[in-house]
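# what's the 3D shape of this:
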Amino acid sequence: MRSDEVKQGLDRAGHRSLLMATGVTEKQFKAPFIGIASSFSDLVPGHIGMRDLERQIEKGIHTGGGQSFIFGVPAVCDGIAMGHCGMSYSLPSRDLIADCVESVAQAHQLDGLVLLSNCDKITPGMIMAALRLNIPCVLVTAGPMMDGFCENQRLTMIKGTFEATGKYATGEITLEHLHDMEVEACPSAGACQGLYTANTMACLSEVMGLSMTDCAANGAVSAKKRRIAFESGVLINELVKQDIKPKDIITKDSMRNAIITDLALGGSTNSILHLLAIANEAGVDITLDDFAELSHKIPQIIKLDPSSDMTMSDFNRAGGVKGALKQLFGKVPELTDTINVNGEKISDRIKNIWVDESVIRPIENPVTSNPGLAVLYGNLAPNGAVVKISGVEKEALVFEGTAKTYDSEEECMAAINNDEVQKGDVLVIRYEGPKGGPGMREMLSPTSAIVGRGLGKDVALITDGRFSGGTRGLCIGHISPEAAMGGIIKIIQNGDRIAINIPDRKIDLLLSDEEIKAREEKFVPKEPKVTKGYLSKYAKSVLGADKGALASN
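As a prediction, the model looks like this:
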């Protein structure tokens, strides 16, 4: 065992003494040492219930013959970090989490890991660490939050708060009703209720095979989630015994399966960043071209919040991830029969299961022939940009409008709140990319304000930053190259015309090549926003959004 490095031999007497100080018995030195990388935090609703899941995992590890060790990793709540400087730390925390898990597992020579995660950046960060270490691992995602209700109207975090604020601004609801919605929108522990980034990544992790069947969609406060946590603890011992590693499970085929499922579900645009970063750690050749290629082949078979009123609770009752896979397997030639940590192929996972086809539609009768996500190219984004098609009204799929430019999210929010935004505008938020932000902040506040004001199909927003999984409306993110890396977005001026054609996968600044060249020659680069601390280090090493915004080695 790897852990023999710290517990076997005469020269490890000091190591054994220190381990016994933690409570390890002499008998347990013969057991595999299993780390529980827990992202428990009192600050993150998706993670507040993890103390209970830690106990279940711990029980499972010892039932299976292992010795467990819990250690902590950072967790950021994107909703709480939204709309201020804190959001700059969200995406960079993904790489920090990967470094933390790697550091603890290597320093203590752990034989395997159970990764306890839930929210946006924590899940991909832990998967990146698992692949970097390539020791046996099982991922447990803590599960979705219960739906909220106010006056018998179903609420989610986005519709009950961020979008409701926009409705109050237009007089559609009263301040008292806004307060009531705010109180009821988030009624329990768990990841926010819709198919936002946290739940998208949980679903894709199950598809790729690193978490057990049924893990993704079962609620954070359910008995089934507790049983899955226990069973994951038992299972990790078997994976150590058989030496089954993450790179045996996460392959090019399983990653393409995740992309196909992502497109079919209409997941968060952030999933593209994370899958690209995961592919890099796995040594798998996955690029934006894979998303672009598959997006022409995969229709959307379900619409969940924020694009509809259905939530993860509905998805779970309708069949969950295995239900979606059943609707795709054998009908999408690109979807291959890959294996998961249970040792089950996709064909095994979908046997004899019931699917509510009114929720998870057959591929022959999809919600729409469009995929949930798409990659756009053009002179404004030669390296690509992404859009969540499932959140765009049909009438807005082709849009041409007039640019209004802002060099930060705050400038744009001020314009929206001052009623300076009109139908036909294309709001351009730049210097919010991985390098320019730094940290590539999410733009949930402006997009929710636009939708809340009833302008979701009449105003476009484009940015070199990114969007929350809860975003809907005509929102194009990840414009690459970003402004701070020399992208064309930096020279856009107020009054320029911008054309967006989602069916043709195009986004263009309607200027001649000569005018673009003339503006480039006159352009004066901006000074970095941050010059010290973690974000400064991140900005110096980070790659573009088209490369997953990975902090390069």
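# In contact with the residue nearest the centre of the chain: list those residues for me.
In the chain, the centroid-proximal residue (Cα atoms, centre = their mean) is Thr197; its distance is 3.4 Å. Thr197 is in contact with Asp78, Cys119, Asp120, Ser268, Asn270, Ser271, His274, Ser468, Gly469, counting by Cβ atoms under 8 Å, 6 or more residues apart in numbering. C-beta here means a position set from N, CA and C on the backbone, and glycine is covered the same way.
# burial of the fifth one, as a residue count?
Taking other Cβ atoms under 10 Å as the criterion, the count of residues near Asn270 is 32.
# For Arg441, see how far away it is.
Per Cβ to Cβ, to the nearest Å, Asn270 is found 12 Å from Arg441.
# Checking my notes, Val386 in a helix, right?
No - using DSSP: H, G, I helix; E, B strand; the rest coil, the assignment for Val386 is strand, not a helix.
# Can we start the residue count at 39 from this point?
Let's use 39 as the start, then, which means that last one is Val424.
# Check the gap between it and Leu465 for me.
Val424 is 17 Å from Leu465, by Cβ to Cβ.
# The two: who's more crowded?
Neighbours per residue (other Cβ under 10 Å) separate Val424 from Leu465, with Val424 holding more: 29 against 24.
# distance of the more buried one from Cys188?
33 Å.
# ditto for Leu482
For Leu482 relative to Cys188 (Cβ to Cβ), the value is 20 Å.
# and the two? which has more neighbours close in?
Shown here are Leu482 and Cys188; by other Cβ under 10 Å, Leu482 has more neighbours (26 against 17).
# where along the stretch 189-338 of the chain do the helices fall?
Remark: helices assigned in the stretch 189-338 of the chain by DSSP state H, counting those that start in this stretch are 195, 201-207, 213-222, 235-246, 261-280, 284-287, 290-303, 308-320, 326-333.
# same question for the longest one, mean pLDDT?
By that I understand helix 261-280. Averaging pLDDT along helix 261-280 yields 98.
# again with stretch 148-160
Stretch 148-160 comes out at a mean pLDDT of 97.
# Just the CA atoms of it, as PDB, please.
C-alpha atoms of stretch 148-160 as PDB (Å, rounded to 0.1, in the frame of the first residue of the first chain):
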ATOM      1  CA  LEU A 148      -3.100   8.100   1.500                       C
ATOM      2  CA  ASP A 149      -4.100   4.900  -0.300                       C
ATOM      3  CA  GLY A 150      -7.500   6.300  -1.500                       C
ATOM      4  CA  LEU A 151      -9.900   9.200  -1.200                       C
ATOM      5  CA  VAL A 152     -13.600   9.800  -0.800                       C
ATOM      6  CA  LEU A 153     -14.200  13.300  -2.100                       C
ATOM      7  CA  LEU A 154     -17.200  15.000  -0.400                       C
ATOM      8  CA  SER A 155     -18.300  17.900  -2.500                       C
ATOM      9  CA  ASN A 156     -21.400  19.700  -3.800                       C
ATOM     10  CA  CYS A 157     -21.100  23.300  -5.100                       C
ATOM     11  CA  ASP A 158     -19.800  24.900  -8.200                       C
ATOM     12  CA  LYS A 159     -16.000  24.900  -8.100                       C
ATOM     13  CA  ILE A 160     -15.500  22.300  -5.400                       C
END
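# okay, and for the stretch 339-488 of the chain, where does confidence drop off?
Counting by pLDDT under 70, not a single residue of the stretch 339-488 of the chain qualifies.
# Let's see that with 90 instead.
For the stretch 339-488 of the chain, residues meeting the criterion pLDDT under 90 lie at 344-345, 408, 428-429, 481-483, 485-487.
# did I read that right, Gly439 in a helix?
No - Gly439: not assigned to a helix; according to three-state DSSP it is strand.
# That one and Gly494, how far apart?
14 Å.
# Ile288 now?
Ile288 is 36 Å from Gly494, by Cβ to Cβ.
# Comparing the two, which residue is more hemmed in?
Neighbour count, other Cβ under 10 Å: between Ile288 and Gly494, Ile288 has more, with 26 against 21.
# residue contacts, that one?
Contacts of Ile288 by Cβ under 8 Å, 6+ apart are Ile165, Leu169, Met246, Gly247, Leu248, Ile316, Ala320, Val322.
# who wins for neighbours among those?
Ile165 (32 neighbours).
# doesn't it fall inside a strand?
No - in this structure, Ile165 is helix, not part of a strand, as judged by three-state DSSP.
# so what's it closest to, chain neighbours aside?
Ile316 (5.4 Å; Cβ to Cβ, 6 or more residues apart in numbering).
# separation between the one you found and Ser333?
19 Å.
# And the helix or strand containing Glu92, what's buried?
Assessed by DSSP states H and E, Glu92 sits inside helix 88-101. Residues Met88, Asp90, Leu91, Glu92, Gln94, Ile95, Glu96, Lys97, Gly98, Ile99, His100 are the ones in helix 88-101 that count as buried (16 or more other Cβ atoms under 10 Å).
# same question, stretch 209-216
Quick answer for stretch 209-216 (16+ other Cβ under 10 Å): Ile211, Leu216.
# Arg399: what's it in contact with?
The contact partners of Arg399, by Cβ under 8 Å, 6+ apart, come to Ile339, Ile340, Gln365, Val405.
# If we use 10 Å, what do you get?
Ala302, Pro337, Gln338, Ile339, Ile340, Lys341, Ala356, Ala362, Gln365, Val393, Val405, Thr406 (Cβ atoms under 10 Å, 6 or more residues apart in numbering).
# Repeat that for Thr325.
So Thr325 contacts Leu314, Ala317, Glu331, Gly422, Asp584, Lys585, Gly586 (Cβ under 10 Å, 6+ apart).
# Retrieve the pLDDT associated with it.
Thr325 is assigned a pLDDT of 95 by the prediction.
# measure it to Met246 for me?
From Thr325 to Met246 the distance is 17 Å (Cβ to Cβ).
# Three-state assignment for Gln460, please.
The local conformation at Gln460, judged by three-state DSSP, is coil.
# which non-adjacent residue is nearest it?
Using Cβ to Cβ, 6+ apart, the closest residue to Gln460 is Val497 (7.8 Å).
# what's the spacing between that neighbour and Cys513?
For Val497, the distance to Cys513 - Cβ to Cβ - is 10 Å.
# anything in contact with each of those two?
Leu465, Pro484, Thr485, Ile488, Val489.
# so which of the residues you listed comes closest to Ile135?
Within those, the smallest distance to Ile135 is 25.9 Å, found for Thr485 (Cβ to Cβ).
# what's the following helix or strand after the helix or strand hosting that closest one?
In this structure, Thr485 sits in helix 482-490 according to DSSP H and E. Downstream of helix 482-490, the first helix or strand assigned by DSSP H and E is strand 498-501.
# quick revisit: please render the contacts of Thr325 as a markdown table that adds distance to Gly47 and neighbour count to the earlier fields.
Formatted as a markdown table, the contacts of Thr325 follow (distance: Cβ to Cβ, whole Å; neighbours: other Cβ atoms under 10 Å):
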| residue | distance to Gly47 | neighbour count |
| --- | --- | --- |
| Leu314 | 42 | 23 |
| Ala317 | 39 | 23 |
| Glu331 | 53 | 14 |
| Gly422 | 53 | 24 |
| Asp584 | 48 | 23 |
| Lys585 | 43 | 18 |
| Gly586 | 41 | 26 |
